[in-house]
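> Have a look at this fold, sequence not included:
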């Protein structure tokens, strides 16, 4: 297969679906285990040795009985005992009070816990994120084939010039059919939009929306700086339900994902999230808790089950977003030239049964792979020291770069391993 369109080769890979419009499980608890028998068996009554009887003191000696204590000493001893008791009571009360304060005022004593100061209300919270990003998010309806419903999706405002970012697959059919595209903002206004440019390779499209200059542009963050486990929020119009907010975490980063079919296939080094994403979320923003866009929601994994009348699967907690860094590169190309370009090496590759690399079937004369000395039969096992297990991994790794970049391929040729530097060429798509 060409390095532009490889075929998935991993057995058991879950399919991914673009977010096109369109019996509970009861877990039984394990039986309770019987408590083990105490190692010390109970002895029959009366078998334990009885304690020795207490020895009572005998009569005091006559000298001791006759001894008398002076009265002044009794008074001094009594006064000292009262002072010591009072001081001890005050110290004990103070200790109890300090422990109760540390434990929230409860009656039991607890070890004092040292915790960080909690964040102020609505600071970096999901309600605060929603309030900040919802005014920048829009719903998109793209008509085609005379169908007024058309394709539905989401998008977000990128600048004060009225440009809106969405997925290519949301507007592709309308653009090909010259159908009208409508944007609905957070206040319910219906605005007409036109396509500035789109990339099927990266599944990104840029719209120009009349009247969107008054909309608030979204803030951009960084997907590269996101860590697995960080909280994220997805905003969009799933199943046509506008201004929907869902939350989750970053489940993985740099996940190689392919969506679509044939010439419309997209290869993404995706941000994976368990935030609920459904058809209609396409093109909407995935944001961090600072309200910054870190990705564009684009696809979900599918188990083949269906939901809804359109027969498309819904969220199973495995969604994918295009990193905002890639979106920025592609939208910049579109706004400057009206088209997007992607990098290629000019080789046909396929996966292997052992998932140990991408096998080179052929190289195109005059293209970077041929010029660098890559040959048919070579096995590419890494790109810039990033392991490659198949053809999809290789294509995704290449497409995280831009045309003109130089990459280093680790190549196994027979029993020898070598590194080959390749300067990436460009294609429009």
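Everything's here; your move. Here the structure is a predicted model, which means the values were calculated and not measured.

> Would you mind listing the residues in contact with residue 217?
Contact partners of residue 217, counting by Cβ atoms under 8 Å, 6 or more residues apart in numbering, are 136, 157-160. The C-beta positions use only the backbone N, C-alpha and C, and glycine is treated the same way.

> From those residues, which land in helices?
In helices, judged by DSSP state H, none of the contacts of residue 217 are found.

> Now, the residues you listed that are in strands?
Residues of these located in strands (DSSP state E): residue 157.

> Got a PyMOL select line for the buried ones in the contacts of residue 217?
Buried subset of the contacts of residue 217, written as a PyMOL selection, criterion 16 or more other Cβ atoms under 10 Å:
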select buried, resi 136+157+158
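
> Tabulate the contacts of residue 217 (a markdown table), appending distance to residue 142.
Listed next are the contacts of residue 217 as a markdown table, based on distance: Cβ to Cβ, whole Å:
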| residue | distance to residue 142 |
| --- | --- |
| 136 | 20 |
| 157 | 17 |
| 158 | 18 |
| 159 | 21 |
| 160 | 24 |
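
> didn't residue 156 look like it was pressed against residue 293?
Yes: between residue 156 and residue 293 there is a contact under Cβ atoms under 8 Å: 6.6 Å.

> Kindly tell me how buried residue 228 is, as a neighbour count.
Using other Cβ atoms under 10 Å, the number of residues around residue 228 comes to 11.

> Next up, the contacts around it.
With contacts defined as Cβ under 8 Å, 6+ apart, residue 228 is in contact with 249-253.

> so residue 411 touches residue 376, yeah?
No: between residue 411 and residue 376 there is no contact under Cβ under 8 Å: 11.9 Å.

> Which one's more surrounded, those two?
residue 411 (21 against 11).

> What is the subsequent helix or strand relative to the host helix or strand of that one?
Residue 411 belongs to strand 406-413 when elements are defined using DSSP states H and E. Toward the C-terminus, strand 406-413 is succeeded by strand 416-423 as the next helix or strand (DSSP H and E).

> Am I right that residue 375 falls within a helix?
No: if the criterion is DSSP: H, G, I helix; E, B strand; the rest coil, then residue 375 is coil and not within a helix.

> Now for it, how many residues are close by?
The number of residues packed near residue 375 is 14, by other Cβ under 10 Å.

> do the same with the one 10 residues further on
Using other Cβ under 10 Å as the criterion, residue 385 is surrounded by 8 other residues.

> how much space between it and residue 397?
Look at residue 385 and residue 397: by Cβ to Cβ, to the nearest Å, they are 11 Å apart.

> Residue 193 now?
The gap separating residue 193 from residue 397 is 34 Å, by Cβ to Cβ.

> Kindly report the same for residue 151.
Residue 151 sits 30 Å away from residue 397, going by Cβ to Cβ.

> what's residue 294 in contact with, if anything?
By Cβ under 8 Å, 6+ apart, the contact set of residue 294 is 221-223, 226, 232, 271, 286-288, 321, 323-324.

> Start from the N-terminal end of the stretch 101-250 of the chain and give the strands.
Assigned by DSSP state E, counting those that start in this stretch, the stretch 101-250 of the chain shows strands spanning 137-144, 147-157, 163-166, 181-184, 190-199, 204-209, 219-220, 231-236, 244-259.

> I'd like to know which of these is closest to residue 331.
Evaluated with Cβ to Cβ, the strands of the stretch 101-250 of the chain place strand 204-209 nearest to residue 331, the distance being 5.3 Å.

> Quick check: mean pLDDT of the closest one?
Across strand 204-209, pLDDT averages out at 96.

> who touches it?
Strand 204-209 is contacted by residues 138, 140, 155, 158, 161-168, 170-172, 175, 181, 183, 191-199, 215, 283, 296, 322, 326-327, 330-331, 334-335, 340 when judged by Cβ under 8 Å, 6+ apart.
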